[in-house]
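Asks: Just the structure for this:
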Amino acid sequence: MSLAAEGPAEAGQIGEIPGVAEGQLFPSREELARAGVHREVRAGITGKAARGAESIVLSGGYDDIDRGDTLIYTGHGGQNEAKEQVSDQSFSARGNAALKTSMILAAPVRVIRGRGKNERRNAHIFNPPLHGYRYDGLYFVVECRYEVIDDFRMCRFVMVKADPVDTITPSGSFEISSEKWHGGLPLGNSNPDRRAVNGSRVSRSAEVANSVKKLYDHTCQICGNRLEVSGRGYSEGAHIQPVSGGHDGPDVPENMLCLCPNCHVQFDYGAIIIHEDYTLTCNGEPVGELRRSPAHRIDKMHLAYHCQRFTE
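Replies: Below you'll find the model as predicted:
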């Protein structure tokens with residue numbers, strides 16, 4: 001499990017650190033901090049909610065699952081002075097909130113692996129360094145969720161390594177020459193590279209989504225707005241329990257909502273919660289009730305699944 005404590009909050013750098021190569025070793029946490037790779041000397045997460053996480057340290061926590069290019073990182077909080085878990089964790093804790101922001105912004109996070117203090121801990125680290133700490137590159141947070149571990153709700157972050165083909169520009173406390181900027185915005189690339197990406201995704205039925213959207217005439221079930229594009233209604237079909245990412249939700253009307261793009265994003269990230277009685281909260285504040293059609297049965301099991309993922 002990661003150790004976190006209040007520490008320096010001044011802005012550091014998101015992304016790669018100039019002059020620091022992947023695989024570079026550091027003898028101590030102090031040297032990591034001095035190089036700007038991980039500025040917290042004790043905490044496992046550097047960053048804050050407003051701008052995202054800069055870096056994390058994997059040091060063999062029992063709850064972390066490290067498979068190299070993918071990992072499930074456990075957040076911080078709820079421990080006593082003996083480092084025993086005595087209460088639930090929360091996504092409002094600074095480090096956990098920072099990692100959640102990184103997910104929403106799709107911002108990279110530096111990952112550092114350290115050697116645990118005993119062989120049992122080392123078994124939980126993929127290819128741990130023989131000594132000290134090793135910078136292992138950039139990862140993206142692709143999901144955050146609550147999981148119950150030993151009767152406590154823990155913050156868990158699914159992270160995947162950034163594609164080495166991608167060029168990820170550092171951001172944060174650094175300067176950019178005026179030649180690269182125009183009007184405060186980057187010039188970008190007028191002829192970006194194209195490349196093929198191989199992968200797989202869960203098959204979704206357009207018929208299911210279109211039938212639900214047609215039933216509501218493209219009117220958002222949450223906010224009641226109806227968008228029009230060239231005289232035609234526009235809405236998005238949103239699964240309540242995701243069909244991918246290990247959630248294994250069904251692609252059926254009972255697990256589908258008709259939402260506008262804004263509410264869709266807020267719902268997917270847990271800012272909007274639909275409760276069992278169909279009342280709505282947005283960022284913890286009540287905002288009304290879900291609009292429903294008698295012809296559309298919504299399975300409350302899927303609502304409970306979504307609610308459990310994001311509520312305290």
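
Asks: Using PDB, write out every CA atom in stretch 281-290.
Replies: The C-alpha coordinates for stretch 281-290 follow below in PDB (Å, rounded to 0.1, in the frame of the first residue of the first chain):
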ATOM      1  CA  THR A 281     -26.900  14.200  -7.200                       C
ATOM      2  CA  CYS A 282     -24.200  16.200  -9.000                       C
ATOM      3  CA  ASN A 283     -21.000  16.700  -7.100                       C
ATOM      4  CA  GLY A 284     -22.900  15.700  -3.900                       C
ATOM      5  CA  GLU A 285     -25.700  18.200  -4.400                       C
ATOM      6  CA  PRO A 286     -29.300  17.100  -5.200                       C
ATOM      7  CA  VAL A 287     -30.300  18.100  -8.700                       C
ATOM      8  CA  GLY A 288     -33.700  16.500  -9.300                       C
ATOM      9  CA  GLU A 289     -34.900  13.200 -10.600                       C
ATOM     10  CA  LEU A 290     -34.000  11.000 -13.600                       C
END
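
Asks: List the contacts of it.
Replies: Gln221, Ile222, Gln266, Ala271, Ile272, Ile273, Ile274, His275, Tyr278, Thr279, Leu280, Ile298 (CB atoms under 8 Å, 6 or more residues apart in numbering). In this view, the C-beta of every residue, glycine as well, is placed from N, C-alpha and C.

Asks: Adding pLDDT and secondary structure, write those residues out as CSV.
Replies: Formatted as CSV, these follow (pLDDT from 0 to 100; DSSP: H, G, I helix; E, B strand; the rest coil):
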residue, pLDDT, secondary structure
Gln221, 98, coil
Ile222, 98, coil
Gln266, 94, helix
Ala271, 92, coil
Ile272, 96, strand
Ile273, 96, strand
Ile274, 97, strand
His275, 96, coil
Tyr278, 97, coil
Thr279, 97, strand
Leu280, 97, strand
Ile298, 97, coil
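
Asks: Please give the number of neighbouring residues around His239.
Replies: Counted with other CB atoms under 10 Å, the neighbours of His239 add up to 23.

Asks: do you know how far it is from Gly270?
Replies: Here the criterion is CB to CB, to the nearest Å. By it, His239 lies 14 Å from Gly270.

Asks: Cys263 now?
Replies: Distance from Cys263 to Gly270, counting by CB to CB: 13 Å.

Asks: which ones are touching the residue nearest to the spatial centre of the chain?
Replies: Centrality entry for the chain: nearest residue to the mean C-alpha point is Met103, 3.0 Å, by CA atoms, centre = their mean. Shown in contact with Met103 (CB under 8 Å, 6+ apart): Phe140, Val141, Val142, Glu143, Cys144, Phe157, Tyr269.
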